[in-house]
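>>> Give me coordinates for this.
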Amino acid sequence: MDEDKNLVRRGLVPINDTQLTRESWKIFQIMAEFVEGFERLARIKPSVSIFGSARTPTDHPYYILAEEIARQLSDAGFSVVSGGGPGIMEAANKGCYGGKSPSIGLNIQLPHEQAGNEYQDIALNFRHFFSRKVMFVKYASAYVVLPGGFGTLDELAEILTLVQTGKTRRIPIILVGRQFWTGLLDWFRQTLVGEGTISPEDMDLFQLLDEPGEVVDAIFHHYEHRGFEPSARERELLLEL
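Numbers count the residues shown, from 1 in each chain. This next block holds a predicted model:
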């Protein structure tokens, strides 16, 4: 009781034993998500993570573009990992599913929006965004980012930050759709570089492309002289991700 009074006096809120127990047991749920993800995704290499809006209709040019990119990647030997939902995510899974390589969906439980699409050879379900994010990065040989909203921007910022800070290996980060992305990239260049919040060379962390064949070629070009398997140093980085 005296301890609770001290907490209140210091502006802290006491927590009861039941609440603390629930918080502690949550750790095991989080661990289970990581363990299942590691066990099921370690075999899919090489893979490409594809991102984009969940709201893109099936007849939209971006949906058709995502499907074709995924199909070409699949036929080239890459598994494709998406968020498992509708829109661009569905297009990515659908394109890969129609090709030669496994299609993977990292589904997230959301109150209103997410429903898993039917084009997944491997479907994982997550409660927590942060554990799902690790799975997108850990086994990816490349990131392909199509037009999307806050979630897409979040994933883009995540991989740029990890590569920029040396917390993960350098992989191709490809933005698809010049018309969609140009305004943001101009802001990066004029404001972020201009204000010194990023370095000019950080603009080299990604490429801006439009055609499916260009995306596939850019990924192969990156790995032309080194192969897709991480080096010993890169494996250590990914272990600490």
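>>> Help me confirm that E33 comes into contact with F129.
No: checked against Cβ atoms under 8 Å, the pair E33 and F129 is beyond contact range at 10.8 Å. In this view, the C-beta of every residue, glycine as well, is placed from N, C-alpha and C.
>>> what about those two, which has more around it?
E33 (19 against 12; other Cβ atoms under 10 Å).
>>> Please, which helix or strand holds the residue nearest the centre of the chain?
The centroid of the chain falls nearest to F136 when counting by Cα atoms, centre = their mean (4.1 Å). Secondary structure from DSSP states H and E places F136 in helix 129-138.
>>> helix or strand right after that helix?
Helix 129-138 is succeeded, C-terminally, by strand 140-145 (DSSP H and E).
>>> any low-confidence regions in this structure?
1-15, 17, 112-114 (pLDDT under 70).
>>> Scan it for its longest helix.
Ranked by residue count under DSSP state H, the longest helix found in the chain is helix 17-41.
>>> which helices and strands sit right next to it?
Applying 3 or more Cβ pairs under 8 Å, 6 or more residues apart in numbering; DSSP states H and E, we find helix 17-41 packed against strand 122-126, helix 129-138.
>>> wait, which of those is closest to G177?
helix 129-138 (19.5 Å; Cβ to Cβ).
>>> picking that back up, sort out which residues of the helix holding F136 are buried, please.
Of the residues in helix 129-138, S131, R132, K133, V134, M135, F136, V137, K138 count as buried by neighbour count, 16 or more other Cβ atoms under 10 Å.
>>> hang on, the earlier thing: put together TSV for the helices and strands packed on helix 17-41, with distance to L185 on each row.
Putting the helices and strands packed on helix 17-41 into TSV (distance: least, Cβ to Cβ, whole Å) gives the following:
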stretch	distance to L185
strand 122-126	30
helix 129-138	22
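>>> for those, which one sits closest to L156?
Among the helices and strands packed on helix 17-41, helix 129-138 sits nearest to L156 (Cβ to Cβ), with 11.1 Å.
>>> Render the CA-only coordinates of that closest one in CSV, please.
This file holds the C-alpha atoms of helix 129-138, laid out as CSV (Å, rounded to 0.1, in the frame of the first residue of the first chain):
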residue,chain,number,x,y,z
PHE,A,129,2.6,-5.5,-36.2
PHE,A,130,6.2,-5.6,-34.8
SER,A,131,6.7,-9.4,-35.0
ARG,A,132,5.1,-9.3,-38.5
LYS,A,133,7.6,-6.6,-39.6
VAL,A,134,10.5,-8.7,-38.6
MET,A,135,9.3,-11.5,-40.8
PHE,A,136,9.1,-9.2,-43.8
VAL,A,137,12.7,-8.2,-43.4
LYS,A,138,14.5,-11.3,-42.1
